[in-house]
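>>> Below are the sequence and a predicted model; questions follow.
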Amino acid sequence: MAGYRQAVTDGASIIIKIDGDGQMDPKIAMSFALPIANGDADYTKGNRFFDLQNIQRMPRIRIFGNAVLSLLTKLSTGYWNIFDPTNGYTAVHASIVKLLPLEKISKRYFFETDMLFRLGTFRAVVRDIPMDAKYEDEVSNLKISKVLGEFLVKHVVIFLKRIFYSYYLRDMSLASLELPIGLGMFIIGGGFGISRWIRSVETGIPASAGTAVIASMLLIVGLQLILGFLSYDIENSPSQALHPILGNSKTAKRYFSQKTDLG
């Protein structure tokens, strides 16, 4: 955060961050800066999963953990087009940094994920950059057992915030109805079916065909509505870079007149 603030103060246009663990090659920094300079992205990040040979060199526990975290991050941040969310090789346009509430962004291991959530509140465009990572004999300080609960809670929190900001506060669409109705029908159908099944086991009387049909229909329709929401959410990923718009003072003023201060 101190580096971001100082870079903006010094007048930087594009700010590149590289972790200090020796796994990232500074020679490929321009690959991260060019999409931003060309106006194709507001924020770029590394992705170590493009090259299959590189994946084979990666410790298996990291592959598994990264896959799980990537799925959670896609759902919680809305950036369905990215992978390897905890990758610390990043670049960002300075005008985007000025929008970010740096004092609110999580520190330590959840930093990169929270950055994506904050970028999503402004609909900044994020792009993956293929890269290799070097793995030597270093020992990671990240203990999965210690951060698993913390990560799950934080993902749930930013998911709920994102859904509220994107589908109820700033805009409303058919997806705004699909999610609550779908979840409600799925939960009611599941609860109804399970309760009737337990009752049948206890009494020895099979549930009627109508009971099974009602539970099944609620589950199926609810699942279809949830999938419909997810389909819309995936298609709704930001696609137009924001920082070229911010370069136009009149456009930026109009944009910020509608901006809500989100926590």
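The structure has been received and is ready for your questions.

>>> From now on I want contacts and neighbour counts done on CA atoms only, so please keep to that.
Fine.

>>> which ones are touching the nearest residue to Met217 once chain neighbours are set aside?
Spatial nearest neighbour of Met217, excluding adjacent residues (C-alpha to C-alpha, 6 or more residues apart in numbering): Gly189 at 7.6 Å. Remark: with contacts taken as C-alpha atoms under 8 Å, 6 or more residues apart in numbering, Gly189 is in contact with 214-219.

>>> Rebuild those residues as CSV, extending it with pLDDT, neighbour count and distance to Arg5.
Below are the contacts of Gly189 laid out as CSV (pLDDT from 0 to 100; neighbours: other C-alpha atoms under 10 Å; distance: C-alpha to C-alpha, whole Å):
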residue, pLDDT, neighbour count, distance to Arg5
Ile214, 92, 14, 58
Ala215, 92, 20, 55
Ser216, 93, 17, 55
Met217, 95, 14, 54
Leu218, 95, 21, 52
Leu219, 95, 23, 50
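
>>> In strands only, show me those.
In this view, the contacts of Gly189 have no member that belongs to strands under DSSP state E.

>>> So which of those residues is the closest to Arg127?
Leu219 (36.1 Å; C-alpha to C-alpha).

>>> neighbours of the closest residue to that closest one other than its chain neighbours, just the number please.
Leaving aside its chain neighbours, Leu219 sits nearest to Phe186 (4.6 Å; criterion: C-alpha to C-alpha, 6+ apart). Neighbour count of Phe186, defined by other C-alpha atoms under 10 Å: 24.

>>> quick one: the helix or strand where Phe186 lies to chain centroid distance?
Using DSSP states H and E, the element containing Phe186 is helix 174-203. In this view, helix 174-203 has its centroid 28 Å away from the chain centroid, taken as C-alpha atoms, centre = their mean, to the nearest Å.

>>> Can you list the buried residues in that helix?
Across helix 174-203, burial judged by 16 or more other C-alpha atoms under 10 Å covers 175-176, 178-179, 181-190, 192-193, 196-197.

>>> hang on, the earlier thing: would a markdown table of the contacts of Gly189 with distance to Asn87 be doable?
Shown next, in a markdown table, are the contacts of Gly189 (distance: C-alpha to C-alpha, whole Å):
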| residue | distance to Asn87 |
| --- | --- |
| Ile214 | 46 |
| Ala215 | 43 |
| Ser216 | 42 |
| Met217 | 42 |
| Leu218 | 40 |
| Leu219 | 37 |
